[in-house]
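# next input, structure requested:
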Amino acid sequence: QLQFVESGGGLVQPGGSLRLSCAASGFTLNYYTVGWFRQAPGKEHEGVSCISSSDGSTYYADSVKGRFTISRDNAKNVVYLQMNSLKPEDTATYYCAARSSTPQTMCLVPSLIDSWGQGTQVTVSS
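Here you go, the predicted structure:
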């Protein structure tokens, strides 16, 4: 079972920024597509952004395009999610996951993820 440590969440005002980090535990992220997902209270998991291992291609949900940027540092075995211009509707617990998949498939079908870690809470509020 792939395990991750998500960090970087917090309380931020609308319009603010946060950078989330996803660190792999006990395995190498290089070989997997890695994705960021979020779950707001009472809602299903939603794919936010995913990045491939092979060519760095990415997928973004329409709701975050132009505001969020996903990146990976294979040397550090970490994937980041830079979140700018945050909105109250971005409030959720954010999780990362990895699997062998295209970024679009991974993000659009969260049910393919077998299990979720603890995540990191992002709260956007004034």
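# now name the helix or strand holding the residue nearest the centre of the chain.
Relative to the mean C-alpha position of the chain, the nearest C-alpha, by Cα atoms, centre = their mean, is the one of Trp36, at 1.7 Å. Here Trp36 sits within strand 33-39, counting by DSSP states H and E.
# would you confirm that the residue nearest to the centre of the chain contacts Leu81?
Yes - counting by Cβ atoms under 8 Å, Leu81 is a contact partner of Trp36 at 4.7 Å. Placement of C-beta: from N, CA and C, glycine included.
# now the common contact residues for these two.
Leu20, Cys22, Val48, Ser49, Ile70, Tyr94 (Cβ atoms under 8 Å, 6 or more residues apart in numbering).
# filter these to the buried ones?
With burial judged by 16 or more other Cβ atoms under 10 Å, the buried subset of the shared contacts of Trp36 and Leu81 is Leu20, Cys22, Val48, Ser49, Ile70, Tyr94.
# what's opposite the fourth one in the beta bridge?
Translated: Ser49. Trp36, Tyr60 (DSSP bridges).
# you'd agree it is up against Cys107?
Yes - applying Cβ under 8 Å as the test, Ser49 and Cys107 come out as touching, 6.8 Å apart.
# identify the contacts common to those two.
Gly35, Tyr59, Ala61.
# which ones are touching the closest residue in space to Leu2 that isn't next to it in sequence?
Spatial nearest neighbour of Leu2, chain neighbours left out: Ala98 (5.4 Å); criterion: Cβ to Cβ, 6 or more residues apart in numbering. By Cβ under 8 Å, 6+ apart, the contact set of Ala98 is Leu2, Phe4, Ala24, Leu29, Tyr32, Thr33, Val34, Gly35.
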